[in-house]
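Novice: When you get a sec, could you give me coordinates for this:
(chains A and B)
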Amino acid sequence: MPARVFVLLGTKKGAFILESDSRRQNWSQKGPFCETWPINHAIADPATGTIYGAGGNEWFGPAVWKSTDLGATWTHSSAGLAYQPGEAAIQSTWSLAARGGRLYAGVQPAGLFASDDAGETWSEIGGLRAHPTAAKWQPGGAGLILHSIVTHPDDPGQIWVGISSAGVFHTGDGGKTWTPRNSGTRCDYLPEADRYPEFGQCVHCIVMAPNQPERLYQQNHCGMYRSDDGGQHWQSIEQGLPSSFGFPAVAHPRDPGTLFLMPLNGDIAGRYMPGASAAVWRTRDGGGAWQAMREGLPRHNAFFGVLRQAMAADRLEPAGVYAGTNTGTLFASADEGETWTEIARHLPPILSVETLVLAA
Amino acid sequence: MPDLTVRLPPALLRLFPGSEAEPTVSASTVAGIVEALDRRWPGMRDRLCDSTPAIRRHMNVFVDGERATLATPVTAHSDVFIMTAISGG
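Specialist: Take a look at the predicted model:
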């Protein structure tokens, strides 16, 4: 099927959009957009084609940018995207998710907001910060950020969020009440007897498997995990990986057993490609076995990292996979990770990668 | 309330198409200036102030050469500049 394929980049200096056709061989590039604000997460609502950019500017604070014409023009709003007077001010918008006409935004310091008018106005889903553990949430290296928002394809009441470093929380009632879902994920940075707490895990990224909504994958600061019961229990799937440390995780668009990762060499080892040799790691069986894919990626002197939201897949057959580095390079594969091509370079540090596929 | 002219920074103007570099507003405090600007260009308050509420950390409002707060009074003769701080961006 002829298609227009877009790769949406959030970077430290604005959003960029790359476009190709369904062959995904030749790419054009536009940007920077959003007045070169840091854009932590740029997404598209597949139902409308509207592009959103979550960001925060040192001068002007947090906002969500919006383009309804594939990047030609942009507006911004933060109406309602605020905590109460006297509380800490929101510094930045960190993550976005679109589901069924509702747009969700995760912010720093950690909280969850929703918009039912395509990002024009926002209201807090206050149940999350009302959780009794909230006063004890500790920030990770990027601050106390809500970075992963996972919605359920069939049940609008269910949402999972990842907060660094408070862990994974789940609601089954649309956000009124939340429960920690961290059983089985460990905190290597705590004393040995306290490494499996109820909350306080440094979750880096959570994604849902396609067609199997009870299956979640989690890249953590301390390990890689899979859950087959909606996050109530997690089991380690890091055996066979070069490191237990990394940031992004990418689910396949159709196969619940396939996952893509780019582990780094370790949290105290520099946080770059293991052995300075780049690889995307893929499992086809839910994390039982892992395969390194290096064809087309730099084999030597690869001292870059890939951040938590900077990797994505498209929904074509075979699936395309994309990885943006914190040194401003975008790698792409049009064959599910088997071979890779550099399709953009010299960009600002890439903070997020997402895709949009439209009929041509 | 007195009418006075406010100078706005270029980076702010770029966020609000059609906004003016030196608008005239009616206000008796800096907070009043911000409210008047927000009425003319909805959303401008959020770019200048946080929710605590206060002027954003990396924004500066100068009234007659002195750094101001939201409570600083202004008159028709006040020289008011809103500027992006060198520490931001």
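Novice: Following the longest helix along chain B in sequence, what is the next regular element?
Specialist: Selection of the longest helix in chain B by residue count, based on DSSP state H, yields helix B:30-40. Downstream of helix B:30-40, the next assigned helix or strand under DSSP states H and E is helix B:44-48.
Novice: which residues are in contact with that next one?
Specialist: When contacts are taken as Cβ atoms under 8 Å, 6 or more residues apart in numbering or on different chains, the neighbours of helix B:44-48 outside the stretch itself are A:59-61, A:63, A:78-79, A:81-82, B:12, B:15-16, B:19, B:34-35, B:37-38, B:55-56, B:59, B:61, B:82. The way it works is simple: take the backbone N, C-alpha and C, and place the C-beta from them, glycine included.
Novice: what's residue 78 in contact with, if anything?
Specialist: Reading this off chain A. Residues in contact with A:Ser78 (Cβ under 8 Å, 6+ apart) are A:Gly61, A:Pro62, A:Ala63, A:Val64, A:Thr93, A:Trp122, B:Gly43, B:Asp46.
Novice: nope, chain B
Specialist: B:Ser78 is in contact with B:Leu4, B:Val63, B:Asp64, counting by Cβ under 8 Å, 6+ apart.
Novice: From these, keep the buried residues only.
Specialist: B:Leu4, B:Val63 (16 or more other Cβ atoms under 10 Å in any protein chain shown).
Novice: out of the contacts of B:Ser78, which one sits closest to chain A?
Specialist: The closest of these to chain A turns out to be B:Val63 (Cβ to the nearest Cβ; 19.1 Å).
Novice: first to last residue in stretch B:74-86, what's the distance?
Specialist: Criterion Cα to Cα, to the nearest Å; first-to-last residue distance in stretch B:74-86 is 24 Å.
Novice: Could you list the buried residues of it?
Specialist: B:Val74, B:Ser78, B:Val80, B:Ile82, B:Met83, B:Thr84.
Novice: re earlier: can you redo the contacts of B:Ser78 as TSV with secondary structure?
Specialist: Rendered in TSV, the data for these read as follows (DSSP: H, G, I helix; E, B strand; the rest coil):
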residue	secondary structure
B:Leu4	strand
B:Val63	strand
B:Asp64	coil
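Novice: Can you tell me which of the buried residues of stretch B:74-86 lies closest to A:His170?
Specialist: Top of the list for closeness to A:His170, among these and by Cβ to Cβ, is B:Thr84 at 41.0 Å.
Novice: Would you mind naming the helix or strand containing A:His41?
Specialist: Of the helices and strands defined by DSSP H and E, A:His41 is found in strand A:39-44.
Novice: Look up how far chain A lies from B:Pro73.
Specialist: Using Cβ to the nearest Cβ, to the nearest Å, B:Pro73 is found at 21 Å from chain A.
Novice: Name the nearest residue to that residue, ignoring sequence neighbours.
Specialist: B:Thr29 (5.5 Å; Cβ to Cβ, 6 or more residues apart in numbering or on different chains).
Novice: The one you found touches B:Thr69, doesn't it?
Specialist: No - contact between B:Thr29 and B:Thr69 fails when scored by Cβ atoms under 8 Å: they sit 9.2 Å apart.
Novice: between the two, which one's more packed in?
Specialist: Remark: of B:Thr29 and B:Thr69, B:Thr29 carries more neighbours, 17 against 12, as counted by other Cβ atoms under 10 Å in any protein chain shown.
Novice: if I pick that one, what's in contact with it?
Specialist: B:Thr29 sits in contact with B:Leu70, B:Ala71, B:Thr72, B:Pro73, B:Val74, where contact means Cβ under 8 Å, 6+ apart.
Novice: Just the pLDDT at the fourth one, thanks.
Specialist: In the predicted model, B:Pro73 carries a pLDDT score of 98.
Novice: circling back to that earlier point, tell me the buried residues in the longest helix of chain B?
Specialist: So helix B:30-40, judged by 16+ other Cβ under 10 Å, has buried residues B:Val30, B:Ala31, B:Gly32, B:Ile33, B:Val34, B:Glu35, B:Ala36, B:Leu37, B:Asp38.
Novice: sorry, back to before: any chance of the contacts of B:Ser78 in TSV with distance to A:Val207 and pLDDT as columns?
Specialist: Listed next are the contacts of B:Ser78 as TSV, based on distance: Cβ to Cβ, whole Å; pLDDT from 0 to 100:
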residue	distance to A:Val207	pLDDT
B:Leu4	53	97
B:Val63	51	98
B:Asp64	55	97
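Novice: In JSON lines, list the contacts of B:Ser78 along with distance to A:Thr283.
Specialist: Formatted as JSON lines, the contacts of B:Ser78 follow (distance: Cβ to Cβ, whole Å):
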{"residue": "B:Leu4", "distance to A:Thr283": "65"}
{"residue": "B:Val63", "distance to A:Thr283": "62"}
{"residue": "B:Asp64", "distance to A:Thr283": "66"}
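Novice: can you tell me which of the contacts of B:Ser78 lies nearest to A:Gln239?
Specialist: When those are compared for distance to A:Gln239, the smallest value, 64.1 Å, is given by B:Val63; criterion: Cβ to Cβ.
Novice: from what I can see the closest one touches B:Asp79, true?
Specialist: Yes - B:Val63 lies in contact with B:Asp79 (Cβ under 8 Å); the separation is 7.1 Å.
Novice: that older thread, among the buried residues of helix B:30-40, which are in reach of chain A?
Specialist: The overlap between the buried residues of helix B:30-40 and the neighbours of chain A (Cβ under 8 Å from any Cβ of the partner chain) is empty.
Novice: Closest one of these to A:Val168?
Specialist: Minimum separation from A:Val168 among those (Cβ to Cβ) is found for B:Asp38, which lies at 38.1 Å.
Novice: hmm, back to that, by neighbour count, which of the contacts of B:Thr29 wins?
Specialist: B:Val74 (24 neighbours).
Novice: What segments of chain B are strands?
Specialist: Counting by DSSP state E, the segments of chain B that form strands are B:3-7, B:24-26, B:49-50, B:54-55, B:59-63, B:66-67, B:80-84.
Novice: Return the distance of the fifth one from the chain's centre.
Specialist: Taking Cα atoms, centre = their mean, to the nearest Å, one finds the center of strand B:59-63 at 7 Å from the center of the full chain.
Novice: got the CA positions of it in PDB?
Specialist: Below are the C-alpha coordinates for strand B:59-63, written out as PDB (Å, rounded to 0.1, in the frame of the first residue of the first chain):
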ATOM      1  CA  MET B  59      12.300  36.300  32.800                       C
ATOM      2  CA  ASN B  60      13.000  39.800  34.100                       C
ATOM      3  CA  VAL B  61      10.700  42.700  34.500                       C
ATOM      4  CA  PHE B  62      12.400  46.000  35.000                       C
ATOM      5  CA  VAL B  63      10.400  49.000  36.300                       C
END
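Novice: Does it reach chain A?
Specialist: Yes - contact of strand B:59-63 with chain A is found when judged by Cβ under 8 Å from any Cβ, involving B:Met59.
Novice: Give me the sheet partners of that strand and which way each runs.
Specialist: strand B:66-67 (antiparallel), strand B:80-84 (antiparallel) (DSSP bridges).
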